[in-house]
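>>> sequence first, predicted coordinates after that:
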Amino acid sequence: QVQLVESGGGLVQAGGSLRLSCAPSGRTFRSYAMGWFRQAPGKEREFVASISWSGDTTYYAGSVKGRFTISRDNAKNTVYLQMNSLKPEDTAVYYCAADRAGHIATIYSDYWGQGTQVTVSS
């Protein structure tokens, strides 16, 4: 069974940092685009960042650009989201996604993790 397993969430004060990891199990996702999405209570799931299968191309939501960095280590079959200068409005459940098209992850991507909670206190 294919699974995406997120880790690294937690409680942090505003201005702090966290690094999320997503490690697929059951298969390799080296040829897949990977992405991070988040969903706050009462809101729809939204795009945060994505990285192409090669790692050459990255995309960011405007609200996180300059603060978050997505990266991948294909040797370890893992994707990361480094989150700096966190704000209370970044509080959400963060989800990892994998897209077989290889270029960008979207809300319609093929595989999803169960999510990890990130809470930023003011």
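Structure received. Numbering: from 1, shown residues only.
>>> so which residue is smack in the middle of this protein?
Central residue of the chain (C-alpha atoms, centre = their mean): W36, 2.5 Å from the mean position.
>>> the helix or strand containing that one pairs with which strands, and in what direction?
Following DSSP states H and E, the helix or strand that holds W36 is strand 33-39. The pairing partners recorded for strand 33-39 under DSSP bridges are strand 46-51 (antiparallel), strand 92-99 (antiparallel).
>>> which other residues reach that strand?
20, 22, 45-53, 70, 72, 79, 81, 90, 92-99, 101-107, 109, 115, 118 (C-beta atoms under 8 Å, 6 or more residues apart in numbering). Where you see a C-beta, it was placed from the backbone N, CA and C, and this is true even at glycine.
>>> re earlier: need the contact list for the closest residue to the residue nearest to the centre of the chain other than its chain neighbours.
Computed as C-beta to C-beta, 6 or more residues apart in numbering, the closest residue to W36 that is not its neighbour in sequence is V48, at 4.3 Å. Residues counted as contacts of V48 (C-beta under 8 Å, 6+ apart) are 35-38, 60-61, 64, 68, 81, 94.
>>> so where is this structure shaky, pLDDT-wise?
1-2 (pLDDT under 70).
>>> for it, which segments count as strands?
Using DSSP state E, the strands found in the chain span residues 3-7, 10-13, 18-25, 33-39, 46-51, 58-60, 68-73, 78-83, 92-99, 111-112, 116-121.
>>> and the second one, what's buried?
Just to be clear, that refers to strand 10-13. For strand 10-13, the neighbour count (16 or more other C-beta atoms under 10 Å) marks V12 as buried.
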